[in-house]
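1. show me how the following folds:
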Amino acid sequence: MPPSVSILQQIGLGVLLVVVVLWTVGLVRLTRRDEHEDAAGRPAPRRSRDLLGSVPRQTGPGGPASESVELSAAEREAFEGLVRQLTSRS
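-> A predicted model of the protein is given here:
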């Protein structure tokens, strides 16, 4: 190091390098662990169907009932106009 660099700057650089190395090692270990098991230690699902099975149902016996609202004629026309505006831009 050049003589103009103080001892505190040298110590700070050393601490920063140690933190970066530890962070990198932890990140690599975390990403490799996720390939084989999830955070609870269970094996990782192999198919997307297994992943979707873990999402709770939003409607039906286990969830809230479906809701619907009847629109007036003016509201329906306004909505159709909005849809036409949005689809004409793309």
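2. for this structure, what are the low-confidence residue spans?
-> For the chain, the stretches with pLDDT under 70 are 1, 34-64, 90.
3. kindly list the longest helix within it.
-> helix 7-36 (DSSP state H).
4. that helix - contacts with which helices or strands?
-> Packing contacts for helix 7-36, counted by 3 or more Cβ pairs under 8 Å, 6 or more residues apart in numbering; DSSP states H and E, involve no helix or strand. Where you see a C-beta, it was placed from the backbone N, CA and C, and this is true even at glycine.
5. residue numbering should commence at 42 henceforth.
-> Noted, 42 is the first residue going forward, which turns the last one into helix 48-77.
6. now it: buried residues?
-> By 16 or more other Cβ atoms under 10 Å, helix 48-77 has no buried positions at all.
7. how about the CA coordinates for stretch 49-61, as CSV?
-> Extracted in CSV, the C-alpha atoms of stretch 49-61 (Å, rounded to 0.1, in the frame of the first residue of the first chain):
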residue,chain,number,x,y,z
LEU,A,49,-7.6,2.6,9.6
GLN,A,50,-8.2,2.6,5.8
GLN,A,51,-6.1,-0.6,5.6
ILE,A,52,-8.1,-2.2,8.4
GLY,A,53,-11.4,-1.1,6.8
LEU,A,54,-10.4,-2.6,3.5
GLY,A,55,-9.5,-5.9,5.2
VAL,A,56,-12.8,-6.0,7.0
LEU,A,57,-14.7,-5.2,3.8
LEU,A,58,-12.9,-8.0,1.9
VAL,A,59,-13.7,-10.5,4.7
VAL,A,60,-17.4,-9.5,4.7
VAL,A,61,-17.6,-9.8,0.9
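8. phi, psi for L123 please.
-> phi -60, psi -40 (degrees, to the nearest 10).
9. can you give me the separation between it and L112?
-> To L112, L123 is 12 Å away according to Cβ to Cβ, to the nearest Å.
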